[in-house]
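Asks: need a 3D model of the following:
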Amino acid sequence: MPLDQLTILAPGLLGASVALAARERKAAKRVVIWARRSEVRHALVDAKLGDAVAETAQEAAIGASLVVVATPVDATVTLVREIASSLSASAVVTDVGSVKGEIARQGHAVVKGHAHFVGSHPMAGSEKTGWKHGTANLFEGRTCFVTPLKSSDPKAVEIVLEFWTALGAKVVSVDPAKHDRIVAHISHLPQIVASALCSFLSTEDQSWRNYAGGGLRDTTRIAGSDPELWRTILDQNRAEVLSALQGYQVELAKLEKALADKDWKTVVATLARGKEYRQGVR
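Replies: A predicted model of the protein is given here:
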């Protein structure tokens, strides 16, 4: 650190935050950005988010020490394939996607012989989307998973670990399969629960939400997230999400039965177990 050149491709909230954090923390000497739509590229020039805005992804990748691909998860490997031949042999490519299994394997295969790929997933974000909502402190104190394969180059892995650490994240290194199981439970399942709850409430009197207190707002904040973005995430991590959802339904069914049977001991035990878990969430 600092990197000679950091390249960020297709910046939304996360990609823009990477650019802002890297500049503020001097994690890169030069930041190059590329967006697919020309009007976004023009806006990025005016916003001075980076030192340069490239006209093509291939141009942006030339000379990069580290490339951060910030597309939705279903477009990551395609974009990595587009830039592979423009990368130097020492370049490292990472991403910010919330599913890692296929991305880690395919990304590694696509750049093999050209550069190195090491997956990442910062557990930071918002129900808001778009590069205009990026902030320099988005990763401060937040977990960032780095998901190397057994065959990943150790130096490339170290570069990615050091980069996210420099941006203020708490870095955790796990294999891609374990990552996908973890986030299915602690990220993807909560999204489904919040969205399903709001979907159910929408079938009742719409005016009831005007009387809601903080409980409903806190529980359902993430239901305001982009549905299409989440469709791609759920598709990519479908098996693990289904497993988590089935486990949750079992727990919910136990609570429903206890309530129906006036089994207050089980009801209280469930609520207490939930309280204890929540108190441990930092």
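Asks: got the phi/psi numbers for the nearest residue to residue 143 once chain neighbours are set aside?
Replies: Closest residue to residue 143 apart from its sequence neighbours, by Cβ to Cβ, 6 or more residues apart in numbering: residue 123 at 4.4 Å. For the C-beta atoms, the positions are set from N, CA and C on the backbone; glycine is no exception. Residue 123 has phi and psi values of phi -80, psi 60 when expressed as degrees, to the nearest 10.
Asks: quick one: the strands in the stretch 51-200 of the chain, in order.
Replies: 52-53, 66-69, 92-95, 116-117, 119-122, 143-147, 170-173 (DSSP state E, counting those that start in this stretch).
Asks: and residue 195, which of the ones you listed is closest to it?
Replies: Closest to residue 195 of those is strand 119-122 (Cβ to Cβ; 20.4 Å).
Asks: ok, residue 239 to residue 121 distance?
Replies: Noted for residue 239: a distance of 17 Å to residue 121, by Cβ to Cβ, to the nearest Å.
Asks: again with residue 145
Replies: The spacing between residue 145 and residue 121, counted by Cβ to Cβ, is 4 Å.
Asks: for residue 143, same thing?
Replies: Residue 143 is 9 Å from residue 121, where distance means Cβ to Cβ.
Asks: what about the two, which has more around it?
Replies: residue 121 (29 against 17; other Cβ atoms under 10 Å).
Asks: surely that one touches residue 96?
Replies: Yes: counting by Cβ atoms under 8 Å, residue 121 does reach residue 96; the two are 6.5 Å apart.
Asks: any chance of TSV for the strands of the stretch 51-200 of the chain, columns distance to residue 36 and mean pLDDT?
Replies: As requested, those are exported to TSV (distance: least, Cβ to Cβ, whole Å; pLDDT from 0 to 100):
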stretch	distance to residue 36	mean pLDDT
strand 52-53	12	96
strand 66-69	12	98
strand 92-95	16	98
strand 116-117	20	98
strand 119-122	21	98
strand 143-147	25	98
strand 170-173	29	97
